[in-house]
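Asker: Next comes the sequence, and after it the predicted model I'd like to discuss.
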Amino acid sequence: MFIILGIVLDLLFINIGFILSFFLRFHNLLHPSFRIYLEVFVWLNIIYVFSLGAVGVYQKRYSHIEDIFKKVFLGLSVATLLSISFIYAFRTRWGAFPVSIFLLSFFLNLFLVFAAKLWLYKLTGRISKSVVFVTGSNLKEVVSPYKLKDVNEVVIKEEINDLHSLFFLIGVAKNLGIKLSILPELYEKVLFEKIEGKIPHHFPISLYFEKTSALGEILIRILDVILSMIIFFLSLPLFIFILVLIKIDSPGPVFYKQKRVGKDGKIFTLYKFRTMVKDAEEKWGFLPASKNDFRITAVGRFLRTLRLDELPQLLNVIKGDMSLVGPRPENLYRVKNHKALQGIRLAVRPGLTGLAQVQSYYDLPPHHKLKYDYLYIRKRSLLLNLYILAKTVPVVLSKKGW
């Protein structure tokens with residue numbers, strides 16, 4: 001019954017969104033294209049319900065408001081694309097249906113459907129996160145697939161010596177899709193002091209911390225997308241100029257691509273303008289760049305000085321792999337060989353700039369960056385991100401670090 005109610009409310013507000021779109025676009029509902037909407041009314045409703053259902057919108061419970069927004073955004077995106085394709089497929093009959101209506105209705109429906117769903121789930125108490133805290137005394141009791149089946153996150157509160165039960169817990173959490181975290185106090189004890197031998201390097205535990213509010217996360221993501229798109233389009237002439245310079249300066253590809261570790265351990269491809277000679281890593285192995293590095297090209301030196309080699313990462317931000325602000329994305333080799341980086345890098349999206357970069361230098365050693373990254377994660381907010389972005393400009397212009 002709850003799912004049916006959710007579908008009915010979605011259809012109601014989706015069609016309200018379409019009607020408002022026609023009114024905003026044509027200032028009345030007598031336009032000929034509105035009659036086409038009435039003709040395809042049933043088909044559009046089927047497409048939208050199918051799309052929302054396919055991405056998992058119609059679930060009985062959500063752990064975060066952000067999860068609702070993500071599902072609704074994805075579902076409406078799929079529905080909009082499918083609807084445009086449907087109209088195009090039958091363009092001889094319904095081709096006069098304006099695409100602008102779909103674009104307008106997308107934003108209206110995103111607001112209306114998300115607001116309605118948020119109201120419904122809050123009203124029925126269905127937005128809740130189940131967290132289980134584990135200690136040495138209750139570990140064996142907790143380690144049961146049956147007891148963990150409705151749990152969203154398991155948090156380890158203290159150092160556990162029963163490694164057999166601990167690793168069994170890790171396996172159960174992984175199989176059930178449960179996030180496994182560790183308290184900041186224990187995180188500092190285990191990782192900052194680098195207790196060796198007890199935990200393998202691939203230990204899949206994230207840092208448990210007081211998360212930014214769901215609204216704060218949404219606002220941070222909106223800031224990321226809007227600001228990244230504005231900077232990207234404004235810098236397109238500069239992009240083209242840099243592309244030409246790199247091709248003239250040295251043979252090889254224009255972009256440098258490398259696998260990096262993102263939020264929750266997700267591996268993604270990071271993009272940069274190439275600043276070194278072709279196949280530098282294959283020839284000399286993985287070596288951090290230095291100020292007088294012989295591998296760096298003449299154009300590459302100029303790009304690195306002004307951080308322009310990082311511009312393509314705006315695409316990573318728009319895609320959702322990165323944020324404008326956060327710990328810098330580390331490569332797989334460094335994360336594997338520095339245990340202290342593993343939990344930090346899994347906590348939030350990596351960023352184009354971060355607290356370490358604006359408070360000190362870009363070329364800080366990893367263990368120094370870690371302290372700033374840890375502080376940022378604990379205090380993360382929209383205002384802190386805006387502060388770091390504002391300070392990034394003078395830091396870049398001052399050409400500190402390398």
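Answerer: Nice, thanks for sending it over.
Asker: which residues does residue 11 contact?
Answerer: Counting by CB atoms under 8 Å, 6 or more residues apart in numbering, residue 11 touches 45, 48-49. For every residue, glycine as well, the C-beta is placed using N, CA and C.
Asker: how about a cut-off of 7 Å?
Answerer: Taking CB atoms under 7 Å, 6 or more residues apart in numbering, we find residue 11 in contact with 45, 49.
Asker: What of the one 5 residues further on?
Answerer: Under the criterion of CB under 7 Å, 6+ apart, the contact list for residue 16 reads residue 112.
Asker: in which helix or strand would I find it?
Answerer: helix 2-26 (DSSP states H and E).
Asker: in that helix, what counts as buried?
Answerer: The neighbour-count check on helix 2-26 (16 or more other CB atoms under 10 Å) flags 6-7, 9-11, 13-18, 21-22, 25-26 as buried.
Asker: Beyond that helix, next helix or strand please.
Answerer: Next along from helix 2-26, by DSSP H and E: helix 32-39.
Asker: Residue 261 is in contact with residue 330, isn't it?
Answerer: Yes. Between residue 261 and residue 330 there is a contact under CB atoms under 7 Å: 6.0 Å.
Asker: pLDDT wise, what is the nearest residue to residue 278 once chain neighbours are set aside at?
Answerer: Using CB to CB, 6 or more residues apart in numbering and skipping the chain neighbours, the partner closest in space to residue 278 is residue 252 (3.2 Å). At residue 252, the pLDDT value in this model is 86.
Asker: what does residue 63 give?
Answerer: 76.
Asker: low-confidence ranges in this structure?
Answerer: Counting by pLDDT under 70, the chain has low-confidence residues at 136, 144-147, 149, 159-163, 183-214, 283-291, 333-346, 360-369, 397-402.
Asker: Tell me how far the residue nearest to the spatial centre of it lies from residue 354.
Answerer: Nearest to the geometric centre of the chain sits residue 320, at 3.9 Å (CA atoms, centre = their mean). Here the criterion is CB to CB, to the nearest Å. By it, residue 320 lies 18 Å from residue 354.
Asker: quick one: the strands in this structure?
Answerer: Ranges of strands in the chain, per DSSP state E, are 131-134, 153-156, 179-182, 206-207, 255-261, 267-273, 323-325, 351-353.
Asker: Could you single out the most deeply buried of these?
Answerer: strand 323-325 (a mean of 26; mean count of other CB atoms under 10 Å).
Asker: by contact count, what packs against that strand?
Answerer: Under the contact criterion of 3 or more CB pairs under 7 Å, 6 or more residues apart in numbering; DSSP states H and E, strand 323-325 touches helix 214-234, strand 351-353, helix 382-398.
Asker: who's in contact with the first one?
Answerer: Spelled out, that is helix 214-234. With CB under 7 Å, 6+ apart as the test, helix 214-234 has contacts from 64-66, 69, 314, 317-318, 323-324, 381-382, 385.
Asker: ditto for the last one
Answerer: Taking contacts as CB under 7 Å, 6+ apart, the residues outside helix 382-398 that touch it are 216, 219-220, 223, 306-307, 324-325, 353-355, 357-358.
Asker: got the strands of the chain as TSV, with distance to residue 97 columns?
Answerer: What follows is the strands of the chain, written out as TSV (distance: least, CB to CB, whole Å):
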stretch	distance to residue 97
strand 131-134	47
strand 153-156	45
strand 179-182	43
strand 206-207	46
strand 255-261	39
strand 267-273	37
strand 323-325	37
strand 351-353	40
